[in-house]
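# the following block contains a protein sequence and its predicted model.
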Amino acid sequence: STSAASNYYGFYASGTINASNYQFSNLTSSGVVIVPGANVVDLSSGTFDTIQASEDSSYIRVTGITSNATFYSCVFNDTPGTANYNIKADGSGINWTFRKWSGVKAGEDYDYDGIGSTVTWPDPLSVDITELSFNFGIVPFGGSVISASSATIANNGEVNATYQIKLLAPPTWTASTTAGVDQFVFYVIVSSATPIVSDFGTEDIVSTTAQACTATVFAGQGTQNGVNVPPGEKRYMWARFLAPTKTTTETQQGITITLTPVSP
């Protein structure tokens, strides 16, 4: 490590690099420079934050090496807002994959792949939903119906996830907390057991604004909820629909429910 003006530091790496559980901060704008001929074995579990401002500030620069590697749990922060890139890579021999990444400067939007290099960032937050629709059939005015089956939500990402839920109402109807003319109420809960009407409360009403699951919001009577769901685990989402008391349209209406995984 070499000192630079204003308490910033430059770092040049050669030879074999096998690093984990490390932290870099107060780097010069060139960041950590991995020079040609280096052998990169691992860069997992590293944290980067605070870099000297420039038009080309990058936490890692790598060129002229052959490296096909996957790194886990790297964090790219940017407390002062001075970082332009997380990785700048040049050379067709570079094929890096970052998994379970986090931080405001992590991800594809902030890397630079030059001269045939490849840096990929699989999304650590991902879900798979096996039941894509609830068909309530014909519901009378002001009537209430619970979905006959649940939607199975599997966390097929790489990190724990909490689920946010919102809806998109059809053009002639409005989502509300009470039923009325062209006005409906839509509830969802996450539950391992088939619910009854009393399991759905006002805290389970879905609106057009995304709301996160909690231990009580969008949660059934059991122990299952949509909070901090580990990778590989499944949750079961049930719906209840309270129809308008009257409608000005005679066509079938569709309501779109959006579920988004976010970091807990």
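All right, it came through fine. Numbers count the residues shown, from 1 in each chain.

# after the helix or strand where Tyr187 lies, next one along is what?
Element membership for Tyr187, per DSSP states H and E: strand 183-190. The first helix or strand that comes after strand 183-190 along the chain, using DSSP H and E, is strand 211-212.

# which residues does the closest residue in space to Thr258 that isn't next to it in sequence contact?
Nearest non-adjacent residue to Thr258, counting by Cβ to Cβ, 6 or more residues apart in numbering: Lys166, 5.3 Å away. Bear in mind the C-beta positions are built from the backbone N, C-alpha and C, glycine included. Lys166 makes contacts with Val206, Ser207, Thr208, Thr209, Ala210, Gln211, Ile257, Thr258, as judged by Cβ atoms under 8 Å, 6 or more residues apart in numbering.

# could you identify the most distant pair in these?
Thr209 and Ile257 (13.3 Å; Cβ to Cβ).

# measure stretch 131-142 end to end?
By Cα to Cα, to the nearest Å, the extent of stretch 131-142 from end to end equals 26 Å.

# neighbouring contacts of that stretch?
Taking Cβ under 8 Å, 6+ apart as the rule, stretch 131-142 contacts 145, 147, 149-152, 179, 239, 241-247.

# of those, buried ones?
Val145, Ser147, Ser150, Ala151, Ala179, Ala239, Phe241, Leu242, Ala243, Pro244, Thr247 (16 or more other Cβ atoms under 10 Å).

# check which helix or strand covers the first one.
Just to be clear, that refers to Val145. strand 144-146.

# in a markdown table: the buried ones among the contacts of stretch 131-142, plus pLDDT.
Output for the buried ones among the contacts of stretch 131-142, formatted as a markdown table (pLDDT from 0 to 100):
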| residue | pLDDT |
| --- | --- |
| Val145 | 97 |
| Ser147 | 95 |
| Ser150 | 93 |
| Ala151 | 94 |
| Ala179 | 98 |
| Ala239 | 97 |
| Phe241 | 98 |
| Leu242 | 98 |
| Ala243 | 97 |
| Pro244 | 98 |
| Thr247 | 96 |
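
# just the ones of these in strands?
Cross-referencing the buried ones among the contacts of stretch 131-142 against strands under DSSP state E gives Val145, Ala151, Ala239, Phe241, Leu242.

# give me the pLDDT value at Ala4.
Model confidence at Ala4, given as pLDDT, is 42.
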